[in-house]
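Novice: Here is a sequence together with a model predicted from it:
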Amino acid sequence: MPSSPRVRSAPGQSRTRDSRSSRAAHTLKGARPAEGAAKKKAVRKKAALAPRKVKPVTGKKALTPDPVRVATLLDLLREHYPDAKCALNFETPLQLLIATILSAQCTDERVNMTTPALFAQYPTAAALAGASQEAIEELVRSTGFFRNKAKSVREACADIVAKHGGEVPRDLDALTALRGVGRKTANVVLGNAFGISSGIVVDTHVTRLSNRLGLTSEQDAVKIEFALQPLVPREAWVLFSHWLILHGRAVCNAKKPRCSQCPLAPHCPRTGVTVSQ
Ligand code: SF4
């Protein structure tokens, strides 16, 4: 049988009629609208008075930076520091490893003044491992903490000779197993001597700028590194550290950042900056 043609209601009428008929059906089934409304009101009142369960917003989620802003920052940094490279002088992975160990709590300039004599006298891992503690201490004295540093250099070199055939290993775990070598030093060596993007080097400049630029609110170096890794393309990890270190030295210094002259300023929330020039 052909179905009977449907009569279309004028716009706006259909819902009104439907809801009227719905209410009528409701009433016919025995419900009492006035009573229902009172019940609903009571439920709403109870819900309003009850303590609300609010899902906490995690810091990470709240602070996830806008990828477009991060990409703009990276472009600006790349543009302003096209020649960024490791500030420590080295010719071999071993030299960079030793220089990085010596750079703890010391300027790169001071290390660069110290290492030529050290490497001239002890050019290999075996030579450094076989040197006396006193001889190495004397050569690295000006870098500070010289007793500990001399011990680290000698013991790290002894391990390199004993476990890696005298060659600096190209592996994060093997490097961090050496005395005096933490994640930061290992990342410096892998990134700059071997071209391996194993991680992002986080020093005092990278820590300060990452916070000011609103890239992370973490303070711990390893946590900062892991917060930065998803934001920065892996192929830029090594350069990213150099960019922030250079920018931290030239513009965004610790005490009084030069925000008025900073090319990143339009894209920087200046988190934690109270005084600037
Ligand atoms: S705007 Fe200021 S706080 Fe931000 S990166 Fe530049 S100098 Fe640093």
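Specialist: Alright, I've got the coordinates.

Novice: May I have the phi/psi pair for residue 232?
Specialist: Main-chain dihedrals, residue 232, degrees, to the nearest 10: phi -110, psi 130.

Novice: That one contacts residue 200, correct?
Specialist: Yes: taking contacts as C-beta atoms under 8 Å, residue 232 lies within contact range of residue 200: 6.7 Å. Any C-beta I mention is one placed from the backbone N, CA and C, and that applies to glycine too.

Novice: Backbone torsions only: list them for whichever residue of the stretch 51-200 of the chain sits closest to the ligand.
Specialist: Nearest residue of the stretch 51-200 of the chain to the ligand (C-beta to the nearest ligand atom) works out as residue 73 at 8.6 Å. Taking degrees, to the nearest 10, you get phi -60, psi -40 for the backbone angles of residue 73.

Novice: can you tell me how far it sits from residue 121?
Specialist: 44 Å (C-beta to C-beta, to the nearest Å).

Novice: do the same with residue 148
Specialist: Residue 148 is 20 Å from residue 121, where distance means C-beta to C-beta.

Novice: So which bits of the one helix or strand residue 149 maps to are buried?
Specialist: Assigning secondary structure by DSSP states H and E places residue 149 in helix 146-164. Across helix 146-164, burial judged by 16 or more other C-beta atoms under 10 Å covers 146, 149-150, 152-154, 156-161, 164.

Novice: ditto for stretch 197-211
Specialist: Neighbour-count burial for stretch 197-211 [16+ other C-beta under 10 Å]: 197-202, 205-211.

Novice: Going by distance to residue 67, which of the residues you listed wins?
Specialist: Of all the buried residues of stretch 197-211, residue 67 sits closest to residue 210, with 15.7 Å by C-beta to C-beta.

Novice: Tell me who's in contact with the residue nearest to that closest one when sequence neighbours are not counted.
Specialist: The shortest distance from residue 210 to any residue other than its chain neighbours is 5.1 Å, reached at residue 216 (C-beta to C-beta, 6 or more residues apart in numbering). For residue 216, the contacting residues are 63, 210, 223, 224, 227, 228, by C-beta atoms under 8 Å, 6 or more residues apart in numbering.

Novice: if you set the cut-off to 10 Å instead, what comes out?
Specialist: In this structure, residue 216 makes contact with 59-60, 63-65, 202, 207, 210, 223-228, 231, 271, judged by C-beta atoms under 10 Å, 6 or more residues apart in numbering.

Novice: same thing with residue 113?
Specialist: By C-beta under 10 Å, 6+ apart, the neighbours of residue 113 are 89, 107, 142, 143.

Novice: My guess is residue 192 contacts residue 201. True?
Specialist: Yes: Residue 192 lies in contact with residue 201 (C-beta atoms under 10 Å); the separation is 8.8 Å.

Novice: which residues do those two both contact?
Specialist: Joint contacts of residue 192 and residue 201 (C-beta under 10 Å, 6+ apart) are 86, 100, 238, 241, 242.

Novice: Sounds good, over and out.
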